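Student: I would like to see how this sequence folds:
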Amino acid sequence: QVQLVESGGGLVQAGDSLRLSCAASGRTFSNYNLAWFRQAPGKEREFVAAINWSGSSTRYADSMKGRFTISRDNAKNTVYLQMNSLKPEDTAVYYCAAGAGGRLVIISQSAYNYWGQGTQVTVSS
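Tutor: Down below sits the predicted model:
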């Protein structure tokens, strides 16, 4: 079992930056691939970014490429999402997720077994 706790959300203006953190506890953190998803009001949850167990491979949703960066610190059992140039359409609850580790990065939600409770990000125009 892996427990995930997100932090770092908040209210910002368009163009600002935020860094989300997700602290993990439980089983060996470095065994897992990690991802961020988000869900805006009235919309389905969507993929944001993912990173493999070693940090050697990452993937991003097209709309986040160049603005968001996912990283992990296995020594601190933490995964991060650096978000720059935020837009009002980035407003959502952001969720951290963990799934079976491997070299390949999977973007499907079904690949992730453990989820955090989410952190709210609100971007005002």
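
Student: Around residue 72, how many other residues sit close by?
Tutor: 23 (other C-beta atoms under 10 Å). C-beta here means a position set from N, CA and C on the backbone, and glycine is covered the same way.

Student: Quick one: residues in contact with the helix or strand where it lies.
Tutor: Using DSSP states H and E, residue 72 sits within strand 68-73. Residues from elsewhere that reach strand 68-73 (C-beta atoms under 8 Å, 6 or more residues apart in numbering): 34-36, 48-51, 55, 58, 60, 78-84.

Student: For it, list the C-alpha coordinates in CSV.
Tutor: Provided in CSV are the C-alpha atoms of strand 68-73 (Å, rounded to 0.1, in the frame of the first residue of the first chain):
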residue,chain,number,x,y,z
PHE,A,68,4.9,21.9,-16.8
THR,A,69,7.8,19.8,-15.5
ILE,A,70,7.5,16.6,-13.5
SER,A,71,10.4,15.4,-11.4
ARG,A,72,11.0,13.1,-8.5
ASP,A,73,13.3,12.8,-5.5
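
Student: Just the terminal-to-terminal distance for stretch 23-39.
Tutor: Using C-alpha to C-alpha, to the nearest Å, one end of stretch 23-39 lies 20 Å from the other.

Student: picking up where we left off before, tell me the strands beside the strand holding residue 72, with direction?
Tutor: Strand 68-73 has the following sheet partners, assigned by DSSP bridges: strand 78-83 (antiparallel).

Student: And the partner strand, what's buried?
Tutor: Going by neighbour count (16 or more other C-beta atoms under 10 Å), the buried part of strand 78-83 is 78, 79, 80, 81, 83.
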